[in-house]
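structure for this input, please:
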Amino acid sequence: MTVETTRRAALFAGLGVTGAAGCATTSVAAEYAYGLAPRLTYLNTASLGPTPRSVYERTIAAWREIETNPVRQSYGGGAGALEAEGARQRAAGLFGCDGSELLITRSTTEAMNSIAAGILLERGDRVLTTNHEHHGGEMCWQYLQRKRGVEIDVLRIPLTEHDPAAILNRFDAAITRRTRVISVSHVLTTNGLRMPIAEIAALARARNTLCVVDGAQAIGQIPVDVHELGCHAYAGAGHKWLMGPKGTGFLYVSADAADRIEPMQRQDGPHYVSNSAGMGAVPLVIGLGVAIDEMRARGMSAVEQRILALRERVYRGLASIPRLEVVSPPTGPSASALVAVRLPDDVPARPFQAMLRERHNLVVKRVEDHYFNGIRLSPHIFNTEAEIDFAITTIRNELT
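Got it, this is the predicted structure:
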């Protein structure tokens, strides 16, 4: 590997470069920084982020170390257990909460399931959510609807309504005297809208209602301080924007809601390996700790700035294609890295997405059919301006 290639690979591992003419190529990222397949243009971090080689290699090394003496390494004061516990504490720091308030899970979905199961809801109690929630954030309430007779109220927010005040008014009007939980995403999976979580949480607290947040699309993309947000519970993923090992997530429950939300895993305390949580995937959590360290070293504000710059390039490019309707917020405080577009009716999203992958090695997300007929692009710090331009040109040409 030449000195120049090494330099470019190092840039890729960090925040990338800002000039399109000098940006690293996909093959450099694939071979030296992330493990992506050569010549693959990956614009789907919102589904799963690629794990940097540094994280992957520490995860594999930790697994090898544990297998030298599994019990000694994995329990109590063993090196593996201690390192995993350290990762959990650093995750709490990333969230802006105390270590006693945070559990490590396998995913956002598992965290949401634990939150729902840990709330004593009875027949006739109501959960207020939106029509933009991911399946992983809504099925826990559907389960309680089926098993306990809990009622679900779905607040319908128009796809192109991006005004935080209007959205907050909708929530205010939808809360009833039987509303026990407001369950909402921090960043909507459908169009990337950043929801006014602090205001929704304040509204919930004023009504003595629990505010539960699905943060799958926020952690690692934007700074998140759960104490500042004021929510009672927050679920997040380690394998999306944090680019940690697949099968890692987070569950935050505020100290003042600990008697109202009681996840079974915390019966024996918040530690990752415990009598109530059981044995976990310790190597993955050790790798997660490395991913957290690397993200914090970059600086979440710098990461957010870089991602939003790429996002703006995506937004402008897609908006310039006549046959597409951009449904994501324009530049501003409500925007995130997720940019979604509605495809023409004569261009079904499923085959269009497959064609981009098979013909052009371009990976984007197909929006789930029950939302709308569209695709979603989500760039991260490993992407380059050249990749964005390639994606826009490819999509434009295929729709011409």
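
only C-alpha atoms for contact and neighbour calcs from this point on.
OK.

for Leu155, see how far away Ala173 is.
Taken as Cα to Cα, to the nearest Å, the spacing of Ala173 relative to Leu155 amounts to 10 Å.

if you go through the protein in chain order, where are the strands?
Listed in chain order, the strands of the chain (DSSP state E) span residues 41-42, 102-105, 126-130, 151-155, 179-185, 210-214, 233-237, 249-253, 325-326, 339-342, 362-363, 365-366, 374-377.

tabulate these (CSV), appending mean neighbour count.
Below are these laid out as CSV (neighbours: other Cα atoms under 10 Å):
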stretch, mean neighbour count
strand 41-42, 26
strand 102-105, 28
strand 126-130, 22
strand 151-155, 18
strand 179-185, 24
strand 210-214, 25
strand 233-237, 29
strand 249-253, 27
strand 325-326, 20
strand 339-342, 24
strand 362-363, 22
strand 365-366, 21
strand 374-377, 26
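
to Pro348, which of those strands lies closest?
Comparing the strands of the chain against Pro348 with Cα to Cα, the closest turns out to be strand 374-377 (7.8 Å).

name the helices or strands packed onto that closest one?
For strand 374-377, the helices and strands in contact under the criterion 3 or more Cα pairs under 8 Å, 6 or more residues apart in numbering; DSSP states H and E are strand 339-342, helix 349-360, strand 365-366.

so which of those is nearest Pro245?
If you check each of these against Pro245 by Cα to Cα, strand 365-366 wins as the nearest, at 20.2 Å.

verify the stated contact: Leu43 with Val364.
Yes. If you go by Cα atoms under 8 Å, Leu43 and Val364 touch, sitting 5.4 Å apart.

any shared contact partners between the two?
377-378 (Cα atoms under 8 Å, 6 or more residues apart in numbering).

contacts only, for Phe288.
Careful, residue 288 is Leu; it's not Phe. When contacts are taken as Cα under 8 Å, 6+ apart, Leu288 is in contact with 55, 87, 238, 244-245, 248.

distance of it from Ser54?
According to Cα to Cα, Leu288 and Ser54 sit 11 Å apart.

break the protein into its domains for me.
The chain is divided into the following domains under automatic domain parsing: 3-52+299-399, 56-295.

coming back round to it: TSV please, covering the strands of the chain and showing mean pLDDT.
As requested, these are arranged in TSV below (pLDDT from 0 to 100):
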stretch	mean pLDDT
strand 41-42	96
strand 102-105	96
strand 126-130	98
strand 151-155	97
strand 179-185	98
strand 210-214	98
strand 233-237	98
strand 249-253	97
strand 325-326	97
strand 339-342	98
strand 362-363	97
strand 365-366	97
strand 374-377	98
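
which of the domains of the chain has the lowest average pLDDT?
Between the domains of the chain, the one with the least mean pLDDT is domain 3-52+299-399; it has a mean of 85.

so which residues of the stretch 1-150 of the chain form helices?
The residue ranges that make up the helices of the stretch 1-150 of the chain, judged by DSSP state H, counting those that start in this stretch, are 3-13, 26-28, 53-67, 70-74, 79-95, 108-117, 135-148.

what sits against Ile197?
Residues in contact with Ile197, defined by Cα under 8 Å, 6+ apart, are 186, 213, 229, 231.

please read the previous query as pertaining to Leu128.
Here Leu128 is in contact with 152-155, 174-175, 179, 181-183 (Cα under 8 Å, 6+ apart).

kindly recompute the last result at 10 Å.
Neighbouring residues of Leu128 by Cα atoms under 10 Å, 6 or more residues apart in numbering: 141, 151-155, 171, 174-176, 179-184, 209, 211.

my guess is Met295 contacts Arg90. True?
No. Look at Met295 against Arg90 with Cα atoms under 10 Å: they stay out of range, at 11.3 Å.

quick check: neighbours shared by those two?
Residues touching both Met295 and Arg90 (Cα under 10 Å, 6+ apart): Gly289.

put together a markdown table for the contacts of Ile197, with distance to Leu103 on each row.
Conversion of the contacts of Ile197 to a markdown table gives the following (distance: Cα to Cα, whole Å):
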| residue | distance to Leu103 |
| --- | --- |
| His186 | 19 |
| Val213 | 15 |
| Leu229 | 18 |
| Cys231 | 16 |
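
and which of those is nearest Tyr315?
The nearest one, if we look at the contacts of Ile197 relative to Tyr315 and count by Cα to Cα, is His186, at 20.2 Å.

okay, now that closest one: neighbour count?
Counted with other Cα atoms under 10 Å, the burial measure for His186 works out to 26 neighbours.

partners of Thr130 in the sheet?
Per DSSP bridges, the residues bridged to Thr130 are Leu155.

gap between it and Ala198?
Thr130 is 17 Å from Ala198, by Cα to Cα.

wait, doesn't Leu324 sit right on Val339?
No. With contact taken as Cα under 10 Å, Leu324 and Val339 are classed as non-touching, separated by 12.0 Å.

need the contact list for Leu229.
196-202, 213.

same check on Ala165?
Contact partners of Ala165, counting by Cα under 10 Å, 6+ apart, are 171, 196, 199.

turn those residues into JSON lines, including distance to Pro38.
Formatted as JSON lines, these follow (distance: Cα to Cα, whole Å):
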{"residue": "Phe171", "distance to Pro38": "46"}
{"residue": "Pro196", "distance to Pro38": "39"}
{"residue": "Glu199", "distance to Pro38": "44"}
